[in-house]
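Enquirer: the sequence and its predicted three-dimensional model are supplied below.
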Amino acid sequence: MSDVKPIILWFRRDFRLADHPALCEASKSGRPIIPVVLLDEVANTFGAASKWRMSKAIEHFDVALQKIGSRLILRRGTAETELLNLAKETGAEDIWWSRAYDPDAIKRDTRAKSELKRAGLRAKSWPGHILFEPWTIATKKGGFYQVYSPMWRAVKDLDVAQPDAAPERIVAPANWPVSDRLEDWALEKGMKYGGRVLNRYAQIGEAAAKERLARFARGAIKDYKDLRDYPALNATSHLSEFLAWGEIGPRTVWHAGLQAHKKGHRGAEHFLKELVWREFAYHLVFNTPRITKENWKPEWDAFPWSEEEDEAVLQWKQGRTGIPLVDAAMREMYVTGHMHNRGRMIVGSFLTKHMLKHWRIGQKWFEECLTDWDPAANAMGWQWVAGSGPDASPYFRIFNPETQAEKFDADQAYIKRFLAELSPEAGSEALAFFEACPRAWRLSQVDPYPSPIIRLAEGRHRALKAYENL
């Protein structure tokens, strides 16, 4: 009778029906499927915006499942405990999930798999939210890639499997186990006033992800290489949030970019390169898990970063450094839950170079504020811009926010979009910052714009001096 017993399918960062190997195989079996989401020991550590976005993803995915005859079961507790409880309650002997690759998730999954197998159950993991499993991509010497460009050359012509179609129907179990209510998890609690603002900008769910990809592939991908660095333009894919929560699969995105490339759209190859940059982050996190908490290059342990969260750090978080492009990017994140990639590099450089603050401060703040937070991309991005991470560049990278603004926001459209103090007629997004930010900050749009917390030339000189001493 084991062939008719249900399969427990544990969803984490894969809230989609299509391009989902585990779900595809489970549905092909014809057996009942019990979809499960856990508020476990890893999910409980997520930042406020991440939990808020997770709640939205769960809500939308449950609706999608109900349309094909299924539903989500929600449980709170350690992964192995709750999965064992569900197996006992349902008679399930198979527990499947899509793989995760960051160290915290691997630790959780390894422990859960061990306990499940010890109980006589069959635990199986399937390909997850990346294109290439880390152990399948290696240098000629057999190691992992530590520089991006050689990795791109190694994988750009590899075959990527076509994504599986979404199942039209999922067999439900005869009896559903008890489920928590999503509202009782209170995942939105940490956002307070900010949640109402984020709701105005949120794009949630698989259908929205597919529509966004299709729109990008029809239009902006053509000029992606030339225009992607201009934050005021709608020139990027805006898929990072969907990819972070698995509302669209990487194979789906890859093949859309590949088709655009075959049609001769010159920006498509660069878009594919960015997708592989995401892969590079996960391969590094898998092979060198210390990158999420420690300097990837150990010699940077001697760099004189401060980890004190003083008044200057607070002003950086508030978008009140007195450096307009830095502040606009920080407020974009607080208002929309997203930050343009050029902005991420500039605010990261300013914090770690001009302010000489540790990249971990920025890493934690991004985790708290980004709805597209991704443990691998966030860790590698911060270490890349700080200089302590994988980087083939022979010089010490310091972005000058003023020259960056002159080059990529010459008419100040982006700056004025998010800085009410610098616009005589502030728009809704600039004003939304004051609605979303903590009341304890006591900020108002009538406050004068602050003077710079540090002169850029002084900060650059200090950073270069520290680098020379290192």
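Expert: Everything's here; your move. The model shown is predicted, which means the values in this text are computed figures rather than measured ones.
Enquirer: packing partners of the longest strand seen in the chain?
Expert: The strand spanning the most residues in the chain, taking DSSP state E as the definition, is strand 33-39. Helices and strands in packing contact with strand 33-39 are listed as strand 7-11, helix 21-28, strand 73-76, helix 79-90; criterion 3 or more Cβ pairs under 8 Å, 6 or more residues apart in numbering; DSSP states H and E. (Each C-beta comes from the backbone N, C-alpha and C, glycine too.)
Enquirer: parallel or antiparallel, which strands does that strand pair with?
Expert: Each strand paired with strand 33-39, and its direction, by DSSP bridges: strand 7-11 (parallel), strand 73-76 (parallel).
Enquirer: show me how the protein divides into domains.
Expert: Partitioning the chain according to automatic domain parsing yields domains covering residues 1-128, 129-160+193-287, 298-469.
Enquirer: contacts for the longest strand of the chain?
Expert: The set of residues that contact strand 33-39 without belonging to it, under Cβ atoms under 8 Å, 6 or more residues apart in numbering, is 6-12, 23, 26-27, 58, 65, 70-77, 79, 82-83, 86, 90, 92, 170-173, 176-177, 180, 185, 187.
Enquirer: output that strand as CSV, nothing but the C-alphas.
Expert: Extracted C-alpha coordinates of strand 33-39, given in CSV (Å, rounded to 0.1, in the frame of the first residue of the first chain):
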residue,chain,number,x,y,z
ILE,A,33,0.5,15.2,-2.2
ILE,A,34,0.5,17.2,1.0
PRO,A,35,2.2,20.6,0.3
VAL,A,36,3.7,22.0,3.5
VAL,A,37,5.4,25.3,4.6
LEU,A,38,7.2,25.5,7.9
LEU,A,39,8.0,28.5,10.0
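Enquirer: tell me the angle it makes with helix 21-28.
Expert: Compare the direction of strand 33-39 with that of helix 21-28 by axes from the mean of the first three to the mean of the last three Cα atoms, to 10 degrees and you get 150 degrees.
Enquirer: let me see the mean pLDDT of strand 33-39.
Expert: Averaged across strand 33-39, pLDDT comes to 98.
Enquirer: rewinding a little: okay, the helices and strands packed on strand 33-39, which one's buried deepest?
Expert: Ranked by mean neighbour count under mean count of other Cβ atoms under 10 Å, the helices and strands packed on strand 33-39 are led by strand 7-11, which reaches a mean of 25.
Enquirer: where's L464, which helix or strand?
Expert: Following DSSP states H and E, one finds L464 within helix 456-469.
Enquirer: can you give me the mean pLDDT across that helix?
Expert: Helix 456-469 shows a mean pLDDT of 94 in the predicted model.
Enquirer: same deal with stretch 289-307?
Expert: Taken as a whole, stretch 289-307 has a mean pLDDT of 96.
Enquirer: buried set for stretch 4-20?
Expert: 5-20 (16 or more other Cβ atoms under 10 Å).
Enquirer: what is the helix or strand containing A112 packed up against?
Expert: Using DSSP H and E, A112 falls within helix 103-118. When contacts are defined as 3+ Cβ pairs under 8 Å, 6+ apart, helix 103-118 packs onto helix 79-90, strand 122-126.
Enquirer: can you put those in a markdown table and add mean pLDDT?
Expert: Rendered in a markdown table, the data for those read as follows (pLDDT from 0 to 100):
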| stretch | mean pLDDT |
| --- | --- |
| helix 79-90 | 98 |
| strand 122-126 | 98 |
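Enquirer: make a markdown table out of these and add distance to D327.
Expert: As requested, the helices and strands packed on helix 103-118 are arranged in a markdown table below (distance: least, Cβ to Cβ, whole Å):
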| stretch | distance to D327 |
| --- | --- |
| helix 79-90 | 40 |
| strand 122-126 | 43 |
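Enquirer: P424: which of those is closest?
Expert: helix 79-90 (53.6 Å; Cβ to Cβ).
Enquirer: got the angle for whichever helix or strand comes after the closest one vs strand 7-11?
Expert: Of the helices and strands lying after helix 79-90 in sequence (DSSP H and E), the nearest is strand 94-98. Here the directions of strand 94-98 and strand 7-11 differ by 30 degrees (the same axes, to 10 degrees).
Enquirer: verify the contact between F280 and F144 for me.
Expert: No: counting by Cβ atoms under 8 Å, F280 sits too far from F144 to count as a contact (9.8 Å).
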